[in-house]
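1. Next one to model:
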Amino acid sequence: MSLQDRIINHFSDSIQTQQEAMTGLCELIEYASQRLVSALLNDKKILACGNGRSASAVQLLASAMLNQYERDRPSLPVIALNTDAVTLTAIANDYHFDDIFAKQLRALGQSGDILIAYTDGTHSANLAKAVNAAHDKDISVIALTGGNGGMMSPLLDETDIEIRVPSNSSARIQEVHVLITHCLCDLIDHQLFG
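-> Below is the predicted model of the structure:
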């Protein structure tokens, strides 16, 4: 297979995964955006977390909400729980790496806030603990997952939303997570600012 054929395969696989996600996830993405808008209108905040490459989607969301997505508008409260290296390493060192998000949630989260947790479907104990900590604080969860949903999926309750990308490829899942993040940012802006 030539290098260009490999490139074409990446584009084709990505397009196919995006089309399947568009067909199956539009209603969930819309509902998630409405829940986020409702929380923001009630002076609540969004907390977000993810590991590895999924952490970049968290930072994309926080940047777009705190600064702007595609238009000038007031900042919206989002905290990316995976960006403070000092706090992350302190918690991991003094307690356990599995506690890096849950410990922050217990301190920063308030009833009515929303946790957005990103995973490509891997088994991340720190995300599972974050979901449990969120539930303990009456914080609902929007889980962006893929594959079989990983450790988070079985922990979600009836107030939570799972947006599961129909793929087992980490790269495809993460690409669609970025697209879903852009959709959420656009829908939030549209609902709040017209």
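2. I'd like to know how far the closest residue to Asp99 other than its chain neighbours sits from Ile139.
-> The spatial neighbour of Asp99 that comes closest, neighbours along the chain excluded (Cβ to Cβ, 6 or more residues apart in numbering), is Ile91 at 5.5 Å. The C-beta positions use only the backbone N, C-alpha and C, and glycine is treated the same way. Distance from Ile91 to Ile139, counting by Cβ to Cβ, to the nearest Å: 18 Å.
3. Give me the helices and strands touching the one helix or strand Leu60 maps to, please.
-> According to DSSP states H and E, Leu60 maps onto helix 53-66. Secondary-structure packing of helix 53-66 (3 or more Cβ pairs under 8 Å, 6 or more residues apart in numbering; DSSP states H and E): strand 46-50, strand 78-80, strand 114-118, helix 170-193.
4. In the protein, where's the longest helix?
-> Longest helix of the chain, by residue count under DSSP state H: helix 3-41.
5. quick one: average pLDDT of it?
-> Average pLDDT, helix 3-41: 97.
6. about what we covered before: and the helices and strands packed on helix 53-66 as CSV, adding mean neighbour count and mean pLDDT?
-> Putting these into CSV (neighbours: other Cβ atoms under 10 Å; pLDDT from 0 to 100) gives the following:
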stretch, mean neighbour count, mean pLDDT
strand 46-50, 27, 98
strand 78-80, 21, 98
strand 114-118, 28, 98
helix 170-193, 19, 97
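7. Nearest to Leu25 among those would be which one?
-> Relative to Leu25, the nearest member of the helices and strands packed on helix 53-66 by Cβ to Cβ is helix 170-193, separated by 7.3 Å.
8. Name the residues that touch that closest one?
-> Defining contact as Cβ atoms under 8 Å, 6 or more residues apart in numbering, one finds that helix 170-193 is touched by 10, 13-14, 17-18, 21, 25, 29-30, 32-34, 36-37, 40-41, 53-54, 57, 60-61, 64-65, 69-71, 73, 76, 118, 120-122, 144-147, 163, 165, 167.
9. ok so, going back, Throw the helices and strands packed on helix 53-66 into JSON lines and include distance to Phe101, thanks.
-> Below are the helices and strands packed on helix 53-66 laid out as JSON lines (distance: least, Cβ to Cβ, whole Å):
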{"stretch": "strand 46-50", "distance to Phe101": "4"}
{"stretch": "strand 78-80", "distance to Phe101": "11"}
{"stretch": "strand 114-118", "distance to Phe101": "8"}
{"stretch": "helix 170-193", "distance to Phe101": "17"}
